[in-house]
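Peer 1: What follows is a predicted protein model with its sequence.
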Amino acid sequence: MPLFQLIMARRLYANRTIGVDKNVWVEFTQLAADYKAVNLGQGFPDFSPPQFVQDAFCKAVSGGPQMHQYTRAFGHPRLVKSLAKFFSRVVGHEIDPFEDVLVTVGAYQALFCAFQALIDDGDEVIIVEPFFDCYQPMVLMAGGTAVYVPLRPVNGGSTVLSSGDWVLSAEELASKITPRTKAIVINTPNNPLGKVYKVEELQMIADLCIKHDLLCFSDEVYEWLTYDGAKHVKIASLPGMWERTITVGSAGKTFSATGWKVGWAISSGKLIKHMKIIHQNSVYHCATAAQEAVSHGFDREYELFGTPESYFQQLPATLHRKRQKLASCLRSVGLQPVMPEGGYFMITDISSVNVDLNDESTKNESYDFRFVKWLIKEKGLATIPVSAFFSPEHSKEFDKYIRFCFVKEKQKQWKKAKVIKQLEKQKRQEAAERAEQEESQSNKGNSCHLLIVSYYRPR
Amino acid sequence: MSFTRRILNAFRFTCRSFPTNCRRFCTSQSVMASRHTHAKRIEGLDKNVWVAFTSVAADPSIVNLGQGFPDIPPPSYVKDALAKAASVDRMNQYTRGFGHPSLVKALSQVYGKVYSRQVDPLKEILVTVGGYGSLFSIMQGLVDEGDEVIIVEPFFDCYVPMVRMAGAKPVLIPLRPKSGKKAVSSADWYLDPDELSAKFSSKTKAIIINTPNNPIGKVFTRGELQVIADLCIKHDTLCFSDEVYEWLVYKGHQHVKIATLPGMWDRTITIGSAGKTFSVTGWKLGWSIGPEHLIKHLQTVMQNTLYTCPTPLQEAVAQGLLLNYKLMGQPDCYFSSLAEELEGKRDRLAAILQEAGMSPVIPEGGYFMLVDVTPLNQDLSHMGDDEAYDYKFVKWMIKEKKLAAIPVTAFVGEESKEQFEKYIRLCFIKEDGTLEAAGDILKNWRNV
């Protein structure tokens, strides 16, 4: 094999790929696979999509030859009609299937089209933290500048038990708006926190969007997954918002079929038309058969909407139970989960766990990254570090949380419980050793001592 | 910043300072218009020949030889493989972003054999949303503002807008018919080496070639590829080789991969397509194969654009590839049996066109045929002057004759339009019935 010759004295790769090459998913899913860890990290179900969409898919596959050939580039006609019909009723606004809807390869590509079509060099985009990690590199790749506003736990975090306790400050948000601000990105229900924005919170954001004439990219992939009576509200349905909001949805999350990669953007035709240009110059078409199947899924749900047979009722009910189970499991070992009002994920505070992260290779990384890697390598359990969802400027404040996905079947949950119980045993041993050391020293009354005492409190 | 934008920004500033005056000075329309402007990168990229012609041709009463998709069924084992994959829980969830493991392994096997070299499944292959998605990842990953990219005309129409969207300049060079000869075969079209050489500059980042070529059907010979390779090496440029029709090469011709020429592996990315390989264009799966130091930048683009391709489809393609890998070199391998089937259709369509008095250009590969419509002498002066002849002809033919084709000037730049405007492109990966129906229309051309 000849020696690799230097190719191109000038830089090979395009400018737009600079700074967007690292990716938390690529890194952690590889690690989880390498160590054959139980994967509670990446957000996908380990159960199958509901029978009715699977049947629809099989029917499409064995359908006529046109099911295996190109369909309409901006969305399979049957699907865009089903989406328009379904969401017109939800949003209270007549949606034109051919003008107001763009079908994409997952919600991911819908976001990509939105940023590429509407964000230019020098534009600022406000991202509410914690954010699904792709927003930042997508802003960067579009030549924009990301400006971050964190959700902050009320009460400074000491008694935060629900995602509803994390709020956006209207003043702080308003202060981030400049003449260069083009758009704000929100995600409700939020990944990783699980926050479901209330109507008054969305109204606050909407008021600012209207006042400063901003666009709003609303990532609503988990729209059907709300718990404890929390209601998902579409910001596009608020007055003055339809023409400036792009709402992104996902068949993968809606029908537990993340591997089908069917998503969509719904907005005023004036915005969708720009996104169509990106789409027709990037992937052009999406796969036909899966679109056909998703269309049947939505038609069924349209008929059953609001009834107990609706998958959009059954799935959150199932996940509600799993959410409770995971939360109790985590509490039983002294961890503090933040109860999500919606979505697939639960974050938990790991600051009370004292382990020796003796891994040279992760020395310079943030605490939660190191902890997660340790958990994968030593305990065979994969999760995701939450500081990955925060900007560089705020990640240090939030590096004691890890994210669990609870959209998993029973067996895995038990296995996970076992892993956590091992942690618990280890903690008890360490705590006991430390308690002995503490007794031999003078009484310092520090928080570590209190932690140990609290640990031995009767359940 | 544009003048308009500056004015509107000034307005906005005024509005913020004097909110009560806002209603008088700033209409919500003008302020909204400034915010809702699109990004510069999409300027001028809205026109698209497919968007223009495919919806029209979707009318079932029209005999559609336009858009390049089969109306013949795909092999049943790939459909079966898809149904089987979708019945496995795990196959309905996310897979590896850069390509489903079983698929990249199958690709590595097939292409390892074709290239006669080891192809690393994880580092030298990226699975994309069709060949189209590969082209996009390549342009976004490797082409920058200020770069020049050489494109051979006629070209698959997306190359130019993709290069422009990447901020680069397309530099076009046409295939020309050999002088003094009427083009009866795609082999009669060639690239002038001196003309090509003159197109390379210090800004040239890459050259895009497509072999077998869409729409002409030319299969570049080893000698022709060597000329291109020599220039790439001399000028230290990359080569993006679109080979989606690689298996569809007819008797007497051989598909040569430019990446196998000396010095070319390290600077070439080769594109392939499941859609074209297995007659499943609606699956939208393709791949880029090349050296790690190039593929890794495509992977960066992938992880920031759509992250991963659909799982069950990838699994099914993997099964299809493995099955045919075992049959490679044998007549019942789909890679060769499809070509044989299509050769028959090619010859049938050529005969139909010749009988109708037209001059087809017999393709050496691919599933398109160019035909010169000059002999039909169709008067289209009633259709105005603002479009090239072939656009007018195809629109008229769809409406009046219920036969759809694609105008060839969609595949060339402004300067070459005159050279190609008497040609239309016909797709022959169609049922015999479809081809015969086209034949009937052409036979009765003179009838009203």
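Peer 2: Good, I have the coordinates.
Peer 1: Tell me the spacing between the closest residue to residue A:289 other than its chain neighbours and residue A:76.
Peer 2: Closest residue to residue A:289 apart from its sequence neighbours, by Cβ to Cβ, 6 or more residues apart in numbering or on different chains: residue A:60 at 4.1 Å. In short, each C-beta sits where N, CA and C put it, glycine included. Separation of residue A:60 from residue A:76 (Cβ to Cβ, to the nearest Å): 10 Å.
Peer 1: Now the common contact residues for these two.
Peer 2: Shared contacts of residue A:60 and residue A:76, defined by Cβ atoms under 8 Å, 6 or more residues apart in numbering or on different chains, comprise A:288, A:292.
Peer 1: Next secondary structure element downstream of the helix or strand where the residue nearest to residue A:289 lies?
Peer 2: Secondary structure assignment for residue A:60, by DSSP states H and E: helix A:51-61. Scanning forward in sequence from helix A:51-61 by DSSP H and E, the next helix or strand is helix A:77-91.
Peer 1: then that following helix to CSV, C-alphas only?
Peer 2: C-alpha atoms of helix A:77-91 as CSV (Å, rounded to 0.1, in the frame of the first residue of the first chain):
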residue,chain,number,x,y,z
PRO,A,77,-49.9,12.8,-1.3
ARG,A,78,-51.8,10.4,1.0
LEU,A,79,-49.6,11.4,4.0
VAL,A,80,-49.7,15.1,3.6
LYS,A,81,-53.5,14.9,3.3
SER,A,82,-53.7,12.8,6.5
LEU,A,83,-51.4,15.2,8.3
ALA,A,84,-53.3,18.3,7.1
LYS,A,85,-56.6,16.8,8.1
PHE,A,86,-55.4,15.6,11.5
PHE,A,87,-53.5,18.7,12.5
SER,A,88,-56.1,21.2,11.2
ARG,A,89,-58.4,19.9,13.8
VAL,A,90,-55.7,20.1,16.6
VAL,A,91,-54.5,23.6,15.7
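Peer 1: other SSEs contacting whichever helix or strand comes after that helix?
Peer 2: Downstream of helix A:77-91, the first helix or strand assigned by DSSP H and E is strand A:101-104. Using 3 or more Cβ pairs under 8 Å, 6 or more residues apart in numbering or on different chains; DSSP states H and E, the elements in contact with strand A:101-104 are helix A:77-91, helix A:106-118, strand A:263-266, helix A:269-280.
Peer 1: strand partners of strand A:101-104, parallel vs antiparallel please.
Peer 2: strand A:263-266 (antiparallel) (DSSP bridges).
Peer 1: mean confidence for the strand it pairs with?
Peer 2: The average of the pLDDT scores along strand A:263-266 is 98.
Peer 1: what's the closest non-adjacent residue to residue B:104?
Peer 2: Leaving aside its sequence neighbours, residue B:104 sits nearest to residue B:121 (Cβ to Cβ, 6+ apart; 3.9 Å).
Peer 1: Please apply the same query to residue B:272.
Peer 2: residue B:287 (5.0 Å).
Peer 1: Pretty sure the one you found sits in a strand.
Peer 2: Yes. Per DSSP: H, G, I helix; E, B strand; the rest coil, residue B:287 lies within a strand segment.
Peer 1: For residue A:182, see how far away it is.
Peer 2: Remark: distance between residue B:287 and residue A:182 (Cβ to Cβ) = 35 Å.
Peer 1: Give the buried residues for the helix holding residue A:60.
Peer 2: Residues A:52, A:53, A:54, A:56, A:57, A:58, A:60, A:61 are the ones in helix A:51-61 that count as buried (16 or more other Cβ atoms under 10 Å in any protein chain shown).
Peer 1: cool, and stretch A:376-395?
Peer 2: Across stretch A:376-395, burial judged by 16+ other Cβ under 10 Å covers A:376, A:378-391, A:394-395.
Peer 1: repeat for stretch A:177-194
Peer 2: A:177, A:181-194.
Peer 1: and it, what's its mean pLDDT?
Peer 2: Regarding stretch A:177-194, the rounded mean pLDDT is 97.
Peer 1: What of stretch B:362-378?
Peer 2: For stretch B:362-378, the per-residue pLDDT averages 94.
Peer 1: before we move on, the earlier item: test my guess that the residue nearest to residue B:272 contacts residue B:271.
Peer 2: Yes. At 7.3 Å, residue B:287 counts as touching residue B:271 under the criterion of Cβ atoms under 8 Å.
Peer 1: thinking again about what came up before, now go through the buried residues of stretch A:177-194 and say which are in helices.
Peer 2: Among these, DSSP state H puts none in helices.
Peer 1: ok, and of those, which contact chain B?
Peer 2: The subset of those within reach of chain B, by Cβ under 8 Å from any Cβ of the partner chain, is residue A:182.
Peer 1: And the furthest pair within the buried residues of stretch A:177-194?
Peer 2: Maximum pairwise distance among the buried residues of stretch A:177-194 (Cβ to Cβ): 27.8 Å, between A:182 and A:194.
Peer 1: quick one: buried residues of the longest helix anywhere in chain B?
Peer 2: Ranked by residue count under DSSP H, the longest helix found in chain B is helix B:334-355. Neighbour-count burial for helix B:334-355, counted by 16+ other Cβ under 10 Å, picks out B:334-339, B:342, B:345-346, B:349-350, B:352-353.
Peer 1: overlap between these and the residues near chain A?
Peer 2: Within those, nothing lies near chain A by Cβ under 8 Å from any Cβ.
Peer 1: Make JSON lines from those and add pLDDT to it.
Peer 2: Below are the buried residues of helix B:334-355 laid out as JSON lines (pLDDT from 0 to 100):
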{"residue": "B:334", "pLDDT": "97"}
{"residue": "B:335", "pLDDT": "96"}
{"residue": "B:336", "pLDDT": "95"}
{"residue": "B:337", "pLDDT": "96"}
{"residue": "B:338", "pLDDT": "96"}
{"residue": "B:339", "pLDDT": "96"}
{"residue": "B:342", "pLDDT": "97"}
{"residue": "B:345", "pLDDT": "97"}
{"residue": "B:346", "pLDDT": "97"}
{"residue": "B:349", "pLDDT": "96"}
{"residue": "B:350", "pLDDT": "96"}
{"residue": "B:352", "pLDDT": "93"}
{"residue": "B:353", "pLDDT": "93"}
